[in-house]
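Visitor: My questions are about this predicted structure, shown below with the sequence.
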Amino acid sequence: MKYEYAPDLQEKTEKIAKALFPHVRVSYIKCFRSYETSSRGTIARCHTIGKLMQLAIGVAPYYAIEFIVERFEKMSDKDKKKVIIHELMHIPKAFGGGFIHHDKVNEKNVNVMYEKYCAIEKHELLNEGYEKYVSPRVEVKPERKGWFS
């Protein structure tokens, strides 16, 4: 199996994490593409090292998200976003090196988060377009002319 850093997926993952998962420290997440995997049916995986190993080697919790090229690249943009959301949902709020299991990270919950993300994206696009046509606010302070000036 071969791995390569995926800056484009890193950017998408960071954008989604910032919008939906404020507890995720994006500087401690790295995204990779993997090639020639022997796993069946897996699209992506989230990896980390356990708490004890973190303590033993003196590192902060890091998460690596692996996107399996043979399956992930064939997906629609919508499904790719859902996969990214799914993998980010595995990261617990404590951001300590653990995982949230599939009893909570399931299709129903991923769809809820995907709809939230779509609403956020739509709102950002609407605001971005609106700002182009509105002049910036300039605060005008009235001259101080009191009763006794």
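Guide: Here it is on my side, so go on.
Visitor: so who does the spatially most central residue of the chain touch?
Guide: Taking CA atoms, centre = their mean, the centroid of the chain lies closest to Ala17, which sits 2.4 Å from it. Neighbour list for Ala17: Val24, Val26, Ile29, Leu88 [criterion: CB atoms under 8 Å, 6 or more residues apart in numbering]. For the C-beta atoms, the positions are set from N, CA and C on the backbone; glycine is no exception.
Visitor: excluding its backbone neighbours, what's nearest it?
Guide: Nearest residue to Ala17, sequence neighbours excluded (CB to CB, 6 or more residues apart in numbering): Val24, at 4.3 Å.
Visitor: and the one helix or strand the residue nearest to the centre of the chain maps to, how far out from the chain's middle?
Guide: Secondary structure assigned from DSSP states H and E places Ala17 in helix 7-20. Using CA atoms, centre = their mean, to the nearest Å, we find the averaged C-alpha position of helix 7-20 to lie 4 Å away from the chain's own average C-alpha position.
Visitor: what is the rounded mean pLDDT of that helix?
Guide: Confidence over helix 7-20, taken as the mean pLDDT, stands at 96.
Visitor: Make 47 the starting number, not 1.
Guide: Done: numbering now begins at 47, and the last item shifts to helix 53-66.
Visitor: Quick check: the residue nearest to Ala63 is in a helix.
Guide: No - with the criterion set as DSSP: H, G, I helix; E, B strand; the rest coil, the secondary structure at Val70 is coil rather than a helix.
Visitor: Does it touch Ile137 like I think?
Guide: Yes - in terms of CB atoms under 8 Å, Val70 counts as a neighbour of Ile137; the distance is 5.6 Å.
Visitor: Tell me the spacing between the nearest residue in space to His93 that is not next to it in sequence and Tyr49.
Guide: Closest residue to His93 in three dimensions, ignoring its sequence neighbours and counting by CB to CB, 6+ apart: Ala110, at 4.5 Å. Per CB to CB, to the nearest Å, Ala110 is found 9 Å from Tyr49.
Visitor: what touches both of these two?
Guide: Taking CB under 8 Å, 6+ apart as the contact criterion, the residues that touch both Ala110 and Tyr49 are Phe78.
Visitor: okay, these two: which has more neighbours?
Guide: Comparing Ala110 with Tyr49 by other CB atoms under 10 Å, the one with more neighbours is Ala110, at 16 against 11.
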